[in-house]
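In: Got a predicted model here, sequence first, then my questions.
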Amino acid sequence: MLLGLEIAGVIVGLAYLWLEYRASVWLWAANIVMPAIYIFIYAESGFYADMGINIYFLVASIYGWLAWLRRGDDGQPLKITHTPRKMILPLTVVCAIAMAVITYILLNYTDSTVPYGDSFTTALSIVALYMLARKQAEQWLVWLVVDAVSCALYIYKGIHLTAALYGLYTVLAWIGYRRWIKMIEEDATLPTA
């Protein structure tokens, strides 16, 4: 059963990435289905923080979907932007606090064999999903780190199809980042009304 769920998760994950690359609002639908699948995979594999982050993804995806549907004062949809410099420190602090709390929980209340890696990727994922909901291009760079570390962890834990998916995510995160930067540049050259 785990292999069937993993195959379904990989398929939905690929669809999600394609939708994210295109900056399609429908990525949020895939980001509701994919975590629902992976909650079970991670629970079975002992990735408790990843299981927990997928519950967060379900809830945060509703926020992201609404944020992307919201229109600004000019009546236009949310535009892709760079992460404001003033947000870097608060995002770093949130990540550090989340990692400390998650590590503490994993070390003291679970039998996790990868508490530090699991808490690191989970804390970064919290920040990256927030950045994605705000349509900030640098979210791709945060996902690149999450994906590379996750790939190594999944290989270590024997979740090979998911490891392959995250290996692909690592490469595609860089491609997605370049695409979103290009979209920002193209948007800047459009005439204003």
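Out: That came through, no problem. Here the structure is a predicted model, which means the values were calculated and not measured.
In: For the rest of this, base every contact and every neighbour count on C-alpha atoms.
Out: OK.
In: So the spatially closest residue to residue 37 that is not a sequence neighbour versus residue 77, what's the distance?
Out: Excluding the flanking residues, the one nearest residue 37 by C-alpha to C-alpha, 6 or more residues apart in numbering is residue 9, at 6.0 Å. Per C-alpha to C-alpha, to the nearest Å, residue 9 is found 29 Å from residue 77.
In: More neighbours: these two, which one.
Out: Each of residue 9 and residue 77 has its neighbours counted (other C-alpha atoms under 10 Å); residue 9 has more, 23 against 13.
In: Please determine how far that one is located from residue 76.
Out: For residue 9, the distance to residue 76 - C-alpha to C-alpha - is 33 Å.
In: If you count neighbours, what's buried in the top helix by length along the chain?
Out: Scanning the chain for the helix with the most residues, using DSSP state H, yields helix 160-189. Using 16 or more other C-alpha atoms under 10 Å as the test for burial, helix 160-189 gives 160-170, 172-173, 176-181, 183-184.
In: for the host helix or strand of residue 11, packing partners?
Out: Per DSSP states H and E: residue 11 is located in helix 2-21. The contact analysis (3 or more C-alpha pairs under 8 Å, 6 or more residues apart in numbering; DSSP states H and E) places helix 2-21 against helix 27-45, helix 160-189.
In: Show me the one of the ones you listed that comes nearest residue 129.
Out: helix 27-45 (10.2 Å; C-alpha to C-alpha).
In: and the closest one, what's its mean pLDDT?
Out: Throughout helix 27-45, pLDDT has a mean value of 88.
In: what's in contact with the helix or strand harbouring residue 88?
Out: Following DSSP H and E, one finds residue 88 within helix 88-109. Helix 88-109 has contacts (C-alpha atoms under 8 Å, 6 or more residues apart in numbering) with 48, 49, 112, 115, 116, 119, 120, 122, 123, 124, 126, 127.
In: Filter the residues you listed down to the ones in helices?
Out: 48, 49, 115, 116, 119, 120, 122, 123, 124, 126, 127.
In: List the contacts of the last one.
Out: Counting by C-alpha under 8 Å, 6+ apart, residue 127 makes contact with 91, 94, 95.
In: tell me, how many neighbours does the first one end up with?
Out: Meaning residue 91. 17.
In: before we move on, what about the last one?
Out: Other residues near residue 95 come to 22 when the count uses other C-alpha under 10 Å.
In: leaving aside the residues next to it on the chain, what's closest to residue 58?
Out: residue 32 (5.0 Å).
In: Please report the number of neighbouring residues for that neighbour.
Out: Neighbour tally, residue 32, other C-alpha under 10 Å: 20.
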